[in-house]
Every structure is written in C-alpha cells, then in structure tokens.
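Trainee: Give me a 3D structure for the following:
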Amino acid sequence: MKSKSIGILTKPKFPEVKTTLQAVVSWLRARNIDVILDTTSATLLGESGGIQKTQLAGRADVLLVLGGDGTMLNAARLAGDRGIPILGVNMGGLGFLTEVRLDNLYPSLDRVFANDFVLDERLMLGTHIHRHGETVAQGMVLNDVVVSKGTLARMIELKIAIQGQFVTNLRGDGLIVSTPTGSTAYSLSAGGPIINPAVHSLILTPICPHTLTHRPVIVPDDVEIEVTLTSRDEGAMATLDGQVGVALTQGDTVVLKGSESRTRLIRFPETSYYEVIREKLKWGDG
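Mentor: Numbering: from 1, shown residues only. Predicted coordinates:
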C-alpha cells in the first residue's frame with residue numbers, strides 16, 4: 001500500500017472537518033502518500049488543484065471518507081464500476097457504514113498501509129427509469145431506491161412485477177427496494193427486516209400500504225423488479241440513496257436489479273457485523 005494514492009471525500013458541514021482534513025493530509029504527505037483532493041476539500045485547505053468529485057475514484061487507489069453514512073453512499077456511487085476500497089471515518093450520527101471512529105483514524109490508516117484489513121464486498125442496486133420506451137434516468141445505489149408520493153397527503157398506486165410476472169398493485173405512500181446494506185436504513189423504519197449483507201437478496205418494503213396484508217418481500221438479487229406508477233398523482237418521485245431524485249409521471253417504470261459492481265468497504269477483522277448492529281441499535285443494553 002505504500003505507493004498508493006488516496007482520494008479524500010469530505011462533508012464540509014461538520015465543524016471539525018477542516019481541522020481533521022488539515023491534519024490527515026499533513027500526516028499522509030509526511031509519509032509520501034499521494035493525496036488527491038476534490039475541489040471542496042482543496043478549497044477548505046486553501047489549496048488550488050482540486051479535481052471534480054466525479055473524477056476522484058478514477059485517480060485514486062483508495063477513498064478516505066470523512067463524514068457520515070450519506071457521504072459514504074456518495075462515495076459508493078462515485079467508486080461505481082471501479083470498486084476501489086473505501087475507508088469511512090465517522091463524523092456524523094448513527095454511522096452503519098463508517099468503520100472508524102475519529103479518535104482511531106491514524107492507527108487505522110497505519111493498518112491499511114500494513115495490509116491489515118479485509119474487504120467487505122457489498123451488493124449494489126442498478127436502476128433504470130423508463131418513459132414511453134426510453135431510459136430517462138439511471139444510476140447505481142448502495143442502500144435503496146424509493147418510489148414515493150409527492151407532498152400531498154393522497155396515496156399513489158404502483159404496479160409491481162418480478163421477472164415479468166405480475167405480483168401486486170400497491171396503494172400507499174410508496175415502495176422501498178433495498179439491498180441488504182440498506183436494510184438498516186429507511187426500510188427498517190418502514191418495518192422491513194434486517195438482512196446480513198452476506199445474503200444476496202433484495203427487499204421490497206411497502207410504505208404505509210392501504211391494504212395491511214402487503215408485507216415486505218425478500219427476493220434473489222438477480223431478479224428484475226419493475227415498479228410502474230399507475231396513478232396520475234403529481235409529485236411522485238424515485239429517490240436514489242436518498243440523494244438523487246427523479247420526478248415520475250403516470251406510466252413511468254422503475255426497473256431494478258442487483259448490479260455486478262460491488263462496493264468494497266475496508267473493515268478490520270475484529271469488528272463483526274452483529275457487533276455493529278448491537279451497538280447502533282442499542283441491543284442488549286438492559
């Protein structure tokens with residue numbers, strides 16, 4: 001790892017980001033590590049020469065994320081097909097995806113350079129939105145795609161098919177299609193199950209369904225899911241990882257399938273998935 005380059009992705013809104021960024025960049029450069037900054041990070045440091053965020057993964061061998069789970073989701077999409085390893089440093093709240101606490105940043109980097117880590121490969125979800133036979137938007141997500149109603153209180157109607165087979169018509173506030181990684185995000189809040197990321201599956205979780213017999217459904221990750229907006233409601237949206245929104249109109253179909261690309265998270269062997277779950281969800285505290 002000594003000759004590797006590190007791209008740094010930050011969330012500027014955290015108050016300690018600037019001082020942390022200054023310190024970690026100095027630390028890396030003192031060890032002759034090539035540091036690649038996007039324009040946001042370069043501006044924070046008062047440096048010129050930052051590159052566009054979208055170019056980071058193409059130039060770096062490792063992504064170092066200083067932020068929360070939202071910044072990690074952004075990094076996963078940026079890494080995309082290249083699948084370079086990502087090390088997350090938690091500067092946010094809950095932090096299911098960020099592996100390292102801020103006070104353990106430098107020992108963790110030492111371990112990365114010593115190759116004392118494992119790569120946790122996470123399934124990504126490929127998404128295409130079709131309108132009148134044309135693809136109007138596409139993307140890859142690590143957590144979920146949400147098809148939901150607009151700001152008005154009325155429900156939307158969705159037609160759901162899997163592998164070309166009709167499953168149901170759903171009336172409600174919407175539908176979450178989630179990866180196992182995303183099972184602890186919005187899907188969990190909507191009553192979905194927690195799925196170990198080692199299980200190759202996708203979860204369909206209804207949001208406030210009008211028919212109470214509609215329950216979450218788990219399907220293999222290689223099936224094709226089609227979600228068609230059949231109602232005329234204005235304001236319906238498809239939201240990718242909570243960060244990219246696409247307005248939907250009646251007849252639009254959101255097509256989803258597990259991607260061959262994987263997000264590769266740097267983990268340390270002594271940290272188990274169940275330990276993370278137990279800590280974040282406060283299990284066993286009483």
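
Trainee: Any stretches of the stretch 1-150 of the chain with poor pLDDT?
Mentor: Counting by pLDDT under 70, the stretch 1-150 of the chain contains low-confidence ranges at 1-3, 92.

Trainee: tell me the strands in the stretch 151-286 of the chain, going along the chain?
Mentor: 156-162, 165-172, 174-178, 201-207, 217-220, 225-229, 237-240, 244-247, 253-267 (DSSP state E, counting those that start in this stretch).

Trainee: Now do the same contact list for the closest residue to residue 135 other than its chain neighbours.
Mentor: Using C-beta to C-beta, 6 or more residues apart in numbering and skipping the chain neighbours, the partner closest in space to residue 135 is residue 128 (5.2 Å). Placement of C-beta: from N, CA and C, glycine included. Residue 128 makes contacts with 135, 137-138, 254-255, as judged by C-beta atoms under 8 Å, 6 or more residues apart in numbering.

Trainee: quick revisit: can you say which of the strands of the stretch 151-286 of the chain is nearest to residue 100?
Mentor: strand 253-267 (8.6 Å; C-beta to C-beta).

Trainee: pLDDT on the closest one, on average?
Mentor: Averaging pLDDT along strand 253-267 gives 95.

Trainee: And that strand, what does it pack against?
Mentor: helix 69-79, strand 86-90, strand 118-131, strand 144-148, strand 225-229 (3 or more C-beta pairs under 8 Å, 6 or more residues apart in numbering; DSSP states H and E).

Trainee: The closest residue to residue 63 other than its chain neighbours: how many residues sit nearby?
Mentor: Nearest residue to residue 63 in three dimensions, chain neighbours excluded: residue 86, at 4.6 Å (C-beta to C-beta, 6+ apart). For residue 86, the neighbour count with other C-beta atoms under 10 Å is 28.

Trainee: check contacts around residue 86.
Mentor: Listed by C-beta under 8 Å, 6+ apart, the contact set of residue 86 reads 62-63, 65, 72, 75-76, 79, 263-266.

Trainee: Show me what it is bridged to.
Mentor: Beta-bridge partners of residue 86, counted by DSSP bridges, are residue 63, residue 265.

Trainee: what do you get for residue 246?
Mentor: Bridge pairing for residue 246 - DSSP bridges - gives residue 238.

Trainee: I'd like the distance between it and residue 141.
Mentor: 12 Å (C-beta to C-beta, to the nearest Å).

Trainee: Thought residue 122 was touching residue 141, still the case?
Mentor: No - assessed by C-beta atoms under 8 Å, residue 141 is found out of contact with residue 122, at 11.0 Å.

Trainee: Spit out the residues that contact those two alike.
Mentor: 76, 179.

Trainee: coming back round to it: out of the contacts of residue 86, which comes closest to residue 24?
Mentor: Once C-beta to C-beta is applied, the member of the contacts of residue 86 that ends up nearest residue 24 is residue 65, at 11.5 Å.

Trainee: Are we agreed that the closest one is in a strand?
Mentor: Yes - assessed by DSSP: H, G, I helix; E, B strand; the rest coil, residue 65 belongs to a strand.

Trainee: thinking again about what came up before, who has more neighbours out of residue 141 and residue 122?
Mentor: residue 141 (28 against 20).

Trainee: Can you tell me which of the contacts of residue 128 are buried?
Mentor: Neighbour counting with 16 or more other C-beta atoms under 10 Å marks 137, 254-255 as buried within those.

Trainee: what's the longest helix in this structure?
Mentor: helix 17-30 (DSSP state H).
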